[in-house]
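S.K.: This is a predicted model, with the sequence first.
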Amino acid sequence: MLSQPCKSIVDLVQFFKDNQVVKVLDYGAGKLRNSIYLLNKGFKVYACDTEKQIRKINSLMEVNEFPYLINESQLMSHRLNVDLVVSNYVLNIIEDDNDKLKYIKNTYNSLKKRGYLLLEVRRRTERTPRGCTKAFTKKELNNFILNCNFEKLKDYSSKRSVVFLYQKNGL
Ligand SMILES: C[S@@+](CC[C@H](N)C(=O)[O-])C[C@H]1O[C@@H](n2cnc3c(N)ncnc32)[C@H](O)[C@@H]1O
């Protein structure tokens, strides 16, 4: 059975509809729980993940059951120009800082002007082991993203996750 979509996405569906979001990129889509939820809500959804994960998804699904699957190494050649990128628990599993930056840069380049980014990561707490790179405080996430030409609109963080809604700055 498909697991539940992220609460952050469920809570923001109406905001996305009210703000003319049509095309969405689920960047680091995993087992497609959020992609399928958004597809069923009427959005046009592109799901992007690593080659290994895409192979896994294809082996679990009927051919073409999910029409827009993108291998992350080819994402930039698609020039998607989406209204929204959803990124849930991806940035916190990318270990290398340069790879993190590349991921955010690709996000920026996949968005249309003034497009939205919903970014959710595991939250660093007092229980997180010292030196662990797989979690963020609000400040760490904010500092990282604000250098990448996004403006923060809202904070939907919870005890376990940091969740920010950003908007791409115009040039
Ligand atoms: C913890 S899972 C989260 C999946 C999904 N977003 C969710 O909330 O269910 C992280 C996913 O990010 C993918 N991933 C890791 N690095 C990536 C990258 N550079 N580009 C795209 N996907 C990546 C992994 O393969 C994995 O499927």
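M.R.: Noted; the coordinates are in hand.
S.K.: what's around the closest residue to Asn81 other than its chain neighbours, how many residues?
M.R.: Counting by CB to CB, 6 or more residues apart in numbering, Asn81 lies nearest to Lys112, which is 4.7 Å off, once chain neighbours are set aside. Glycine gets a C-beta too; all of them are placed from N, C-alpha and C. The criterion is other CB atoms under 10 Å. On that basis, Lys112 has 13 neighbouring residues.
S.K.: got the phi/psi numbers for Lys112?
M.R.: phi -70, psi 170 (degrees, to the nearest 10).
S.K.: Distance of it relative to Ser73?
M.R.: 22 Å (CB to CB, to the nearest Å).
S.K.: What strands line up against the helix or strand where Asp26 lies, and which way round?
M.R.: In the assignment (DSSP states H and E), Asp26 maps to strand 23-27. Taking DSSP bridges as the criterion, strand 23-27 forms sheet pairs with strand 44-49 (parallel), strand 82-88 (parallel).
S.K.: send the alpha carbons of the longest one over as CSV?
M.R.: Below are the C-alpha coordinates for strand 82-88, written out as CSV (Å, rounded to 0.1, in the frame of the first residue of the first chain):
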residue,chain,number,x,y,z
VAL,A,82,7.3,24.4,-13.3
ASP,A,83,5.1,26.4,-11.0
LEU,A,84,6.2,24.5,-7.9
VAL,A,85,9.0,22.1,-6.8
VAL,A,86,8.3,19.9,-3.8
SER,A,87,11.3,18.5,-2.0
ASN,A,88,10.6,16.4,1.0
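S.K.: Excluding residues flanking it in the chain, which one is nearest Leu146?
M.R.: Nearest residue to Leu146, sequence neighbours excluded (CB to CB, 6+ apart): Lys152, at 7.1 Å.
S.K.: In terms of helix, strand or coil, where does that neighbour fall?
M.R.: strand (DSSP: H, G, I helix; E, B strand; the rest coil).
S.K.: Please apply the same query to the one 10 residues further on.
M.R.: The three-state assignment at Val162 reads strand, by three-state DSSP.
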